[in-house]
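[1] show me how the following folds:
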Amino acid sequence: QVQLVESGGGLVQAGGSLRLSCAASGRTFSNYAMGWFRQAPGKEREFVAAINWSGGSTYYADSVKGRFAISRDNAKNTAYLQMNSLKPEDTAAYYCAARLAGYGLGLTFPSRYDYWGQGTQVTVSS
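    Numbering: from 1, shown residues only. Reported below is the predicted structural model:
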């Protein structure tokens, strides 16, 4: 089992920044690709960003490309999502997820992940 705990969400004005963290425990963190997804009320969960086990490959949804950056620190068992130039439409609950030995565009699909955190709320005011 892998336990994932997100933190860093909150209320921010449009144009502002937040950094989300996802702390992992339970298994060897570097064996897992990590992803960030978000879900707004009444909408399906959507892909935001993903990173492979080493951090050498990253993937982004078009809606966040150039504004968000995913990273990881395997020594700290933590993944991050730096969010800049936030917009009201970025408002959602944000979830991190882990997939064993994951890579490639398959990381954009929620069904491919093995473990999920409980989520952290991000609210962007206009």
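[2] the residue positioned nearest the centre of the chain: what secondary structure?
    When the chain is reduced to its mean C-alpha position, the closest residue under Cα atoms, centre = their mean turns out to be Trp36, at 2.1 Å. The three-state label for Trp36, taken from DSSP: H, G, I helix; E, B strand; the rest coil, comes out as strand.
[3] skipping adjacent residues, who's closest to it in space?
    Here the nearest residue to Trp36 in space, its sequence neighbours aside, is Val48; by Cβ to Cβ, 6 or more residues apart in numbering that works out to 4.3 Å. In this view, the C-beta of every residue, glycine as well, is placed from N, C-alpha and C.
[4] roughly how far does the one you found sit from Gln82?
    The gap separating Val48 from Gln82 is 12 Å, by Cβ to Cβ, to the nearest Å.
[5] Ala33 belongs to a strand?
    Yes. The assignment for Ala33 is a strand, going by three-state DSSP.
[6] tell me the pLDDT at the nearest residue to it once chain neighbours are set aside?
    In space, Ala33 comes closest to Gly102 once its chain neighbours are excluded; the distance is 3.3 Å by Cβ to Cβ, 6+ apart. With respect to pLDDT, Gly102 scores 78.
[7] from what I can see Gly102 touches Asn31, true?
    No. Distance between Gly102 and Asn31: 9.7 Å, which falls outside the contact criterion (Cβ atoms under 8 Å).
[8] out of these two, which sits in the busier spot?
    With other Cβ atoms under 10 Å as the criterion, Gly102 and Asn31 differ in neighbour count, and Gly102 comes out ahead with 21 against 14.
[9] does that one sit in a helix, a strand or a coil?
    Counting by three-state DSSP, the backbone at Gly102 sits in coil.
[10] now it: phi and psi?
    Torsion angles at Gly102 (phi, psi; degrees, to the nearest 10) stand at phi -80, psi 150.
[11] ok, it - contacts?
    Tyr32, Ala33, Gly35, Ala50, Asn52, Trp53, Arg112, Tyr113 (Cβ atoms under 8 Å, 6 or more residues apart in numbering).
[12] residues in contact with the nearest residue to Leu18 once chain neighbours are set aside?
    Spatial nearest neighbour of Leu18, excluding adjacent residues (Cβ to Cβ, 6+ apart): Met83 at 5.0 Å. With contacts taken as Cβ under 8 Å, 6+ apart, Met83 has the following neighbours: Ser17, Leu18, Arg19, Leu20, Val64, Arg67, Phe68, Asp90, Val122.
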